[in-house]
Each structure stands twice: as C-alpha cells, then as structure tokens.
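[1] Below is the sequence, then the predicted model.
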Amino acid sequence: MDERTSWMRWLTDLDRRYIFVLVALAVIIPIVLKKVLPVNISPSVKSSYDFVNQLPEGSAVMIVLDYDPASEAELYPMTLALYRHCFDRKLRVLSYTMWPNGAALIETAFDKMRLEYEGIQSGINYVNYGYQVGGALSIIAAGQDIRTAFPTDYRGNSTGIMPVLEGINSLADIDYVIDLAAGSTIDWWVAYGVQRYHFTLGAGCTAVSATQYYPYLNTGQINGLIGGLKGAAEYEQLAGHPDRGLAGMTAQSSVHAVVIVLVVLANIFYFISRRKR
Amino acid sequence: MEIITTAQAIGMIIAGALTLMMYSFLYRDNVFYKFGEHLYVGVSVGYLVNIEWWNVLYPQFVVPFYYQQNYILIFPALLGVMMLMRFIRQIAWMSRTPMAFVIGIGSGLAIPAVLNANILEQLYSTVIQLWITPVEPSTFLWWWGTLGLWIVFLGVLSVLFYFYFSIEHKGIVGKLGTVGIWFIMISFGASFGYTVMARVSLLIGRVQFLIYKVPDAFKTLVGLGT
C-alpha cells in the first residue's frame, strides 16, 4: 500500500466524531471571541423592515409567534428585533400563538421589552393573547371579531376595554400582520387571512422552510420574508439593535466554511478513489 | 447582565445540564442521553396537558358552561368526548360523527381558500405576468426582473413536463424534462443549504445559552450576579 493510498483510506474511514468536534469548534470559537461581522441585507427582509418603518405612530402591528422553544434559536431573535423596531416607532403590538408552548415565549419577550422600554404597559402599548386554539379557525374568528375571538389576554384580563385595541375590531383594522412560523401557519395566514380580510402580511420562518415561502413573496401574497437566523440578523442590523442574531452569524459563516471544505474534499477523494478502481 | 431570579438560575443550570446530556449522544448512546430524552417527552406532555386545560378547556368550556350557564356548549364537548371513543374498540364507531364533522368543515373551508392561494394566484403570477412594467428608470432592473419571470416560467413548464408520463420522453419533451431535472436539483440544493443553516442555527442557540446564560445563572446562585 503506497503512502497516498493509506492517507486516503484514513480520510475516507475518518470517524465522524472528528467532524462533530470540528463543527463544535467552528461554532464555539467565534461566539467566545464575540466577533460580529456585518451581513448583507436581502430585499425580502428590507421590504418588511421598510413597511414597519413607514407606519405612523400608534399603528397596530400583529406579530404572531407560531413556534415553540425548539425553534427559539432562529425565531426568538427575529421576535425581539421586530418588537424593538415596533416599540422604537411607538406602534401598538398585538401577539398570540397557535402553538401551546409559544405563549410563555411571548410573555418572556414582552418582559424583556418592559425592561428596555420604560413605560410600556400591557393593555396600553401591547397585548399578549397567549395560546389560541383552533389553528386556521382562530384566524377566521379574529377576522370576524377580534374581541370575541380573543376575549381575554394571557393573564386572563378582559380585552374588551383595553386601550391598545382602540379602533381595532378585526384583522382588517390591523396595519400589518407578521407571522413568525416554525410550521405551516404561514399557509393558513395566506389562505384564510389575507384573501378574506385583505390586510398586509409579512412572514418570518425557520431557514428549513424559507424556500417553501418564496413563491408567496413573488406573487405579493406576503410583502416580506425573514428567513432563519440570517433574516433575524439582517433585521437586527436594519433596526439598529444588534443582538443574538448578528452574534450568531459569524459562527454560522465559519461552520458553512467548514461544511464547504468538507464537501469539496469528500468529492475530490471520491473521484480519486473511483479512478483508482 | 439581565436580572435572574434564583428559581430562574436553577432552571437555567438544569437546562444547561440537559443540553449537554442530549449532545452526549454525538459521542455514543448513553444513560445520560436516555434520561434527558425521556424527561423531555414526559415534561412536554405534562406541560401541554396543563396548557390545554388552563388556556382552552377551563376558560372556553368550564367557565361558560358551569358559571355562565351556557349549556349549548355541551354539544361540542360531547363531540370531543366521542372523538376519544376511538380508543375503545367496542364503541369506536362513535368517533365517526365528530370525525365527519371535522372533515366536512375542514374541507369546506380549505378547498376554495387553498385552491385560490396556492394554485390560481401562483398560476397567474407564473403564466400571465411575464413582463414587468418599466416604472423604474433603470433599464437593467426591468430586464433583470423580466428575465427572472421567464426563468420561473421555464422552470415550472419543464418540471411539469418531467412529471408528465403520458408521452414518451423523447425529442423536445425529453429535452424539456432534462431541463426540469436541473431545476429540481437546484431547488433541492437551495433547500439543503437552508437546512444546513437551520440546523447550525439551533447549535448556535444552544452554544450561546451555554456560554452566556449558564455562567450568569451560576453567578446569581453564588451571589455574584444581580
């Protein structure tokens, strides 16, 4: 066995745990070093940002958190970036979730906002409707009469006389709805929400499902799409609130570099070994 | 550093330990991983039952039925109970009625809405809109946008031809089918790239938690934090 063959055999038989270590190092080192690189802004994220940015003070934005802690890494930075942008612009924020484990995430995010933005209050500047059962039916119900659909907030307070809902009777009265989804709820918002009640819809999703929603963007059924951690980082950069999204993108880039190098190397060795056979 | 209560700090340390237990599977299957896995399933179910009771059943059935005498709610509640009869073989037939109700309502709502949103709207954008009206002063943008629309049109047409099996894939049909394969491969590539990004993002989230949050929790517990 010549030297080249033994070296190649060692590489092709490499224990995959070495690759796990390599990926772990590619993630840990940039996070420990706290190196933050700027990201390129994509038009789909920019259009969502621009739409929120042009809304006049007091406009109502519904941010729907259709995810649970399993997708928190990608969608929670997006949530915080959107909340911060809305509170910077003095907009009213309405939130709910169709995922049972999502309600506590909304409350945690609003708790964080209360610490960052002095004076904002539940029922006046924002409302957390919590978990709402029914899936697509909750969209239709909110489109008919939002107070009947969501009579109480997360803490059981009646939403009937909340100042934050002044002038809002249904989804059609909301200036912008944005669904941050780990599942297929964006499809429901397009089919049962936009088509029936004619409001402007934006979407944020995990990177896995981003390709699935680009067709909606091209047809104008959604006006913007924030995809995965990169989308969150872009929104953070646009809104001027760098946080976990941007901090994670350097690690993301370094892992991508590792994956690219490994894919190229594996292909080279595959073709060399095939030629030898 | 964020304000962390003692209870939160304990929770975060447990979460950190459980994260490490789950990642220990990458080395090999072990008792710590199994413990974490079983605990996750158990806690998830317990939490879900609790949420469903306090957020759905109690406010939407118990309160209006018991305290506000809204007795009509007995009908949906009965339908719900009948659905559960599926688990008892002798009376499993009772679940057919609520099932038929759900399928009927679901189909009635879904068919026109989904047909319009996912087929007609998409079809219109793909086939009818093949030119961008030049509103921008930049000719390049106009050409670029129009080229994009034609590529999408060609992609849809060629992929449809690839999946059309009533004609033998020879000549122009065969060539179009081959172009369709290329479009499918490019689509799979984009999906794979995004999937890698998504999975790495989850790892990044956990690493950020372990590096930033868990040490803060320890500091809080030993009295060094806020």
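    The structure has been received and is ready for your questions.

[2] Could you list the low-confidence segments of chain B?
    Judged against pLDDT under 70, the low-scoring parts of chain B cover residues B:1-2, B:133-141, B:224-226.

[3] Can you tell me which residue of it sits closest to chain A?
    When distances are taken as CB to the nearest CB, chain B reaches nearest to chain A at residue B:205, 2.4 Å away. (C-beta placed from N, C-alpha, C; glycine too.)

[4] Just the strands from the stretch 101-250 of chain A, written as ranges.
    Assigned by DSSP state E, counting those that start in this stretch, the strands in the stretch 101-250 of chain A fall at A:126-131, A:176-181, A:201-205, A:225-227.

[5] ok, and which of those has the densest surroundings?
    With neighbours taken as mean count of other CB atoms under 10 Å in any protein chain shown, the strands of the stretch 101-250 of chain A reach their highest mean count in strand A:201-205, at a mean of 29.

[6] CA atoms only for that one, dumped as PDB, please.
    Below are the C-alpha coordinates for strand A:201-205, written out as PDB (Å, rounded to 0.1, in the frame of the first residue of the first chain):
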ATOM      1  CA  LEU A 201     -49.000  40.100   5.600                       C
ATOM      2  CA  GLY A 202     -45.300  39.600   6.300                       C
ATOM      3  CA  ALA A 203     -43.600  36.300   7.300                       C
ATOM      4  CA  GLY A 204     -40.700  35.100   9.200                       C
ATOM      5  CA  CYS A 205     -39.800  31.400   9.200                       C
END
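
[7] that older thread, now the residue of chain B closest to chain A: which helix or strand?
    With the criterion set as DSSP states H and E, the secondary-structure element containing residue B:205 is helix B:171-208.

[8] in that helix, what's buried?
    Residues of helix B:171-208 classed as buried: B:176-177, B:179-180, B:183, B:191, B:194-198, B:200-208 (neighbour count, 16 or more other CB atoms under 10 Å in any protein chain shown).

[9] Against which helices or strands is that helix packed?
    Here helix B:171-208 is seen to pack against helix A:16-33, helix A:72-88, helix A:207-219, helix A:228-239, helix A:244-276, helix B:139-162 when contacts are counted using 3 or more CB pairs under 8 Å, 6 or more residues apart in numbering or on different chains; DSSP states H and E.

[10] between that helix and helix A:16-33, how many degrees?
    Comparing the axes of helix B:171-208 and helix A:16-33 via axes from the mean of the first three to the mean of the last three CA atoms, to 10 degrees yields an angle of 60 degrees.

[11] just the angle between helix B:171-208 and helix A:244-276, please?
    Interaxial angle of helix B:171-208 relative to helix A:244-276 (the same axes, to 10 degrees): 130 degrees.

[12] Which element is encountered next along the chain beyond helix B:171-208?
    The element immediately downstream of helix B:171-208 (helix or strand, assigned by DSSP H and E) is helix B:214-221.

[13] And chain B, is stretch A:94-111 touching that?
    Yes. When contact is scored as CB under 8 Å from any CB of the partner chain, part of stretch A:94-111 falls within range of chain B: A:100, A:101, A:103.
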